[in-house]
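Student: With the input below, show me the fold.
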Amino acid sequence: MIRVLLAEDQGLMRSALAALLALEDDLEVVGQVARVADIVPAVQVERPDVALLDIELADGNALDAAPAVRSVQPDCAVVFLTTFGRPGYLRRAFEAGARGFLVKDGPVEGLAASIRLVHEGRTVVDPELAAAALADGRSPLTDRERDVLAAASDGATTKDVAGRLHLSEHTVRNYLSSAIGKTGTRTRAEAYALAQRNGWL
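Tutor: Reported below is the predicted structural model:
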């Protein structure tokens, strides 16, 4: 049996996925969580073979959990199943050590087959998303520019962002200006929206 952990914050979707996967003779859903904070503890307890993670959960971005999952359970294959088929997310997922990236509108038979493939050590990627990622290229933003842009996304002042990130206001202004320039936008709000749309944040 292939042991599967599900991370999905929408209860109905999570239950439906678990029920559909349970119909497969060789798959067993051994755990279900709704928050990023619960992923690693569940992996430690359940020891799944495959962690099937939604990217955007209620308390954060599950992309950040992938390295920790692999650290506590090196043999666990991480697969991202998401509504957000963004090329930037795909690149970040594989940089974090994922073995699969699928969008939610695919057939359940394809999902089950993908779980089996990653369990065998193969890599699976939604083909249309892979093509888009190759066409779009990498994020132009540095890690620090991403951090500052994300911190400013709620309309926070430069002073507020500086306080949150323990930077000077001058440094924050420089990072925001650089991010706006690199994204070819006019304002921090436009830069954030573009970066979010492309999965760079």
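Student: was I right about residue 69 contacting residue 78?
Tutor: Yes. Judged on Cβ atoms under 8 Å, residue 69 makes contact with residue 78 at a distance of 5.6 Å. In this view, the C-beta of every residue, glycine as well, is placed from N, C-alpha and C.
Student: so where's the chain uncertain?
Tutor: Along the chain, segments meeting pLDDT under 70 span 84-85, 130-137.
Student: Helices of that one, start to end?
Tutor: With DSSP state H as the criterion, the chain has helices at 11-22, 39-46, 66-72, 87-95, 108-119, 127-136, 143-151, 158-165, 169-183, 188-197.
Student: how many degrees apart are the fourth one and helix 188-197 in direction?
Tutor: Relative orientation of helix 87-95 versus helix 188-197 (axes from the mean of the first three to the mean of the last three Cα atoms, to 10 degrees): 60 degrees.
Student: Distance from helix 87-95 to the middle of the chain?
Tutor: 8 Å (Cα atoms, centre = their mean, to the nearest Å).
Student: Buried residues, it. List them.
Tutor: 87-94 (16 or more other Cβ atoms under 10 Å).
Student: Same question for the last one.
Tutor: Of the residues in helix 188-197, those buried by neighbour count under the rule 16+ other Cβ under 10 Å are 188, 191-192, 194-196.
Student: Would you mind giving the residues you listed as CSV with distance to residue 145 added?
Tutor: As requested, the buried residues of helix 188-197 are arranged in CSV below (distance: Cβ to Cβ, whole Å):
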residue, distance to residue 145
188, 11
191, 9
192, 11
194, 13
195, 9
196, 14
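Student: from the residues you listed, which single one is nearest residue 182?
Tutor: Set against residue 182, the nearest of the buried residues of helix 188-197 by Cβ to Cβ is residue 191 (8.2 Å).
Student: Quickly note the distance from the residue nearest to residue 178 when sequence neighbours are not counted to residue 161.
Tutor: Distances taken as Cβ to Cβ, 6 or more residues apart in numbering put residue 145 closest to residue 178, at 5.8 Å, once the chain neighbours are dropped. From residue 145 across to residue 161, the span is 12 Å (Cβ to Cβ, to the nearest Å).
Student: ok, now residue 43?
Tutor: Taking Cβ to Cβ, one finds residue 43 at 33 Å from residue 161.
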